[in-house]
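Student: What follows is a predicted structure for the sequence shown.
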Amino acid sequence: MGVDHYCTVRYTYGQSITDACIGWKDTEALLRQLAGAVRARRQ
């Protein structure tokens, strides 16, 4: 499986490479979804 490069920004040392692709609002939603899936799996 390869990596698709949808963002065409220059990399900055110390900065997440996904910053330009996904904002905090979407990141937060994904983390909440992941946490819910983990909780469900552990039950």
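Tutor: Noted; the coordinates are in hand. Numbering: from 1, shown residues only.
Student: Only C-alpha atoms from now on, for both contacts and neighbour counts.
Tutor: OK.
Student: show me where pLDDT drops low in the chain?
Tutor: 1-9, 18-20 (pLDDT under 70).
Student: Kindly recompute the last result at 90.
Tutor: Applying pLDDT under 90 to the chain picks out residues 1-24, 26-27.
Student: Tell me which residue is most central in it.
Tutor: Note on the chain: the residue nearest the mean C-alpha position is Thr27, at 5.5 Å, using Cα atoms, centre = their mean.
Student: name the element it belongs to?
Tutor: Taking DSSP states H and E as the criterion, Thr27 maps to helix 24-42.
Student: Report the buried residues of that helix.
Tutor: Buried residues in helix 24-42, counted by 16 or more other Cα atoms under 10 Å: none are found.
Student: Dump it to PDB, restricted to CA.
Tutor: Listed next in PDB are the C-alpha coordinates belonging to helix 24-42 (Å, rounded to 0.1, in the frame of the first residue of the first chain):
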ATOM      1  CA  TRP A  24      -8.300  20.900  14.200                       C
ATOM      2  CA  LYS A  25     -12.100  20.500  13.900                       C
ATOM      3  CA  ASP A  26     -11.800  17.500  11.700                       C
ATOM      4  CA  THR A  27      -9.000  16.100  13.800                       C
ATOM      5  CA  GLU A  28     -11.000  16.400  16.900                       C
ATOM      6  CA  ALA A  29     -14.000  14.600  15.300                       C
ATOM      7  CA  LEU A  30     -11.800  11.800  14.100                       C
ATOM      8  CA  LEU A  31     -10.200  11.400  17.600                       C
ATOM      9  CA  ARG A  32     -13.600  11.300  19.200                       C
ATOM     10  CA  GLN A  33     -14.700   8.700  16.700                       C
ATOM     11  CA  LEU A  34     -11.600   6.600  17.300                       C
ATOM     12  CA  ALA A  35     -12.100   6.800  21.100                       C
ATOM     13  CA  GLY A  36     -15.700   5.600  20.700                       C
ATOM     14  CA  ALA A  37     -14.600   2.700  18.600                       C
ATOM     15  CA  VAL A  38     -11.900   1.800  21.200                       C
ATOM     16  CA  ARG A  39     -14.500   1.900  24.000                       C
ATOM     17  CA  ALA A  40     -16.900  -0.200  22.100                       C
ATOM     18  CA  ARG A  41     -14.200  -2.800  21.300                       C
ATOM     19  CA  ARG A  42     -13.100  -3.100  24.900                       C
END
